[in-house]
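Student: 3D, please:
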Amino acid sequence: QVQLVESGGGSVQAGGSLRLSCVASGGTFTDHAMGWFRQAPGKEREFVAACSWSGGSIFYKQSVKDRFTISRDNTKNTVYLQMNNLQPNDTAVYYCNQDPREYFDVLRAAASGTWGQGTQVTVSS
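Tutor: Numbers count the residues shown, from 1 in each chain. Presented below is the predicted three-dimensional model:
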């Protein structure tokens, strides 16, 4: 049974930074591409960032591309999301997800139903 546990959220002012972590257990971490999604109040969950199982292939939602950085440490079964210059519209619950392929497929991962409990990020203006 795969488990994903996110942490690192909090409340910051606009322009601040946070680093989210997601620890995966119950599976072979290096067999999975990893990604981050978020869900703002009253909105659907949306894709944010993803990386391949080696971490070498990365892509982002356009609006976060120059501010967020996804990375992974395969020795710690952990994927990170470094978020800089946070803005109020980044406020959301952030979730990690995994895709049992080398490269992350957003639709396949979103349909998998494998979600952690999420971590709340609140950005005030």
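Student: worst mean pLDDT across the helices and strands of the chain, which element?
Tutor: One helix or strand of the chain scores below all others by mean pLDDT, DSSP states H and E: helix 106-111, with a mean of 90.
Student: for the next helix or strand after it, name the packing helices and strands.
Tutor: Per DSSP states H and E, the first helix or strand lying C-terminal to helix 106-111 is strand 119-124. Judged by 3 or more CB pairs under 8 Å, 6 or more residues apart in numbering; DSSP states H and E, the packing partners of strand 119-124 are strand 10-13, strand 18-25, strand 92-99. To be clear about C-beta, it is placed using only N, CA and C from the backbone, and glycine gets the same treatment.
Student: tell me which of those sits most buried.
Tutor: strand 92-99 (a mean of 24; mean count of other CB atoms under 10 Å).
Student: ok now that strand, how far from the chain's centre?
Tutor: 5 Å (CA atoms, centre = their mean, to the nearest Å).
Student: packing partners of that strand?
Tutor: So strand 92-99, by 3+ CB pairs under 8 Å, 6+ apart, packs with strand 3-7, strand 18-25, strand 33-39, strand 78-83, helix 106-111, strand 119-124.
Student: the residue nearest in space to the middle of the chain and Ser125, how far apart?
Tutor: Using CA atoms, centre = their mean, the residue of the chain that lies closest to the mean C-alpha position is Trp36, 2.2 Å off. Distance of Trp36 to Ser125, computed by CB to CB, to the nearest Å: 23 Å.
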